[in-house]
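1. got a predicted model here, sequence first, then my questions.
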Amino acid sequence: MNFRDAQIILHIKQYCLVINEATERLSNDYRQFAKDEVLRHSISMCLMQIGKLSGRLSQQFKNQTMNRVMWGAIRSMRNWFAHEYTKMDLSEVWESATRDVASLLAFCNETIEANPEAFAFPEIPEDDE
């Protein structure tokens, strides 16, 4: 795994965590989601960002992981948000936020755990005083 893919996976993970926090604030209740415009937009923006980031992953990484993650569908959702936002089906957004994000977050965590060298940052030497 290259450094760029590792950084993208970290960003995707962060967006997944934000979505999880938002759905928890909504008590995992679709009706609350439909009523709360602020959290609805927050979740939608995070899903859109995940789609954008997925398009920046290397083709090699996507090919290696396509049996675990539907990168094309994630990218398509980004396009849907970007171009058809006012026509979105809220139930599909909610389903993605509550079902698909959980498996994507699990994938990110497993990828980070399986590739510690790609996610390690070099140590900064201490100043000699």
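-> Received the coordinates, thanks.
2. beyond the strand or helix carrying Glu95, next helix or strand please.
-> Of the helices and strands defined by DSSP states H and E, Glu95 is found in helix 90-95. For helix 90-95, the following helix or strand on the C-terminal side (DSSP H and E) is helix 101-114.
3. what's that following helix in contact with?
-> For helix 101-114, the external contacting residues (CB atoms under 8 Å, 6 or more residues apart in numbering) are 1, 6, 9-10, 12-13, 16-17, 19-20, 47, 50, 65, 68-69, 74, 119. Any C-beta I mention is one placed from the backbone N, CA and C, and that applies to glycine too.
4. run the last query once more with 7 Å
-> Ile9, Ile12, Lys13, Cys16, Ile19, Asn20, Arg68, Val69, Phe119 (CB atoms under 7 Å, 6 or more residues apart in numbering).
5. from those residues, which would you call buried?
-> Buried members of the contacts of helix 101-114, counted by 16 or more other CB atoms under 10 Å: Ile9, Ile12, Lys13, Cys16, Ile19, Asn20, Val69, Phe119.
6. so which of the residues you listed comes closest to Arg40?
-> Ile19 (11.4 Å; CB to CB).
7. what helices or strands is the helix ranked longest in the chain leaning on?
-> When the chain is parsed with DSSP state H, its longest helix is helix 3-25. Using 3 or more CB pairs under 7 Å, 6 or more residues apart in numbering; DSSP states H and E, the elements in contact with helix 3-25 are helix 37-54, helix 101-114, helix 116-119.
8. quick one: contacts of it?
-> Outside helix 3-25, the residues within contact range by CB under 7 Å, 6+ apart are 39, 42-43, 46, 49-50, 53, 56-58, 61, 97-98, 101, 104-105, 108, 111-112, 115, 118-119.
9. tilt between the helix or strand of the chain with the lowest mean pLDDT and helix 101-114?
-> When the helices and strands of the chain are scored by mean pLDDT, DSSP states H and E, helix 71-84 comes last with a mean of 83. Between helix 71-84 and helix 101-114, the angle comes out at 130 degrees (axes from the mean of the first three to the mean of the last three CA atoms, to 10 degrees).
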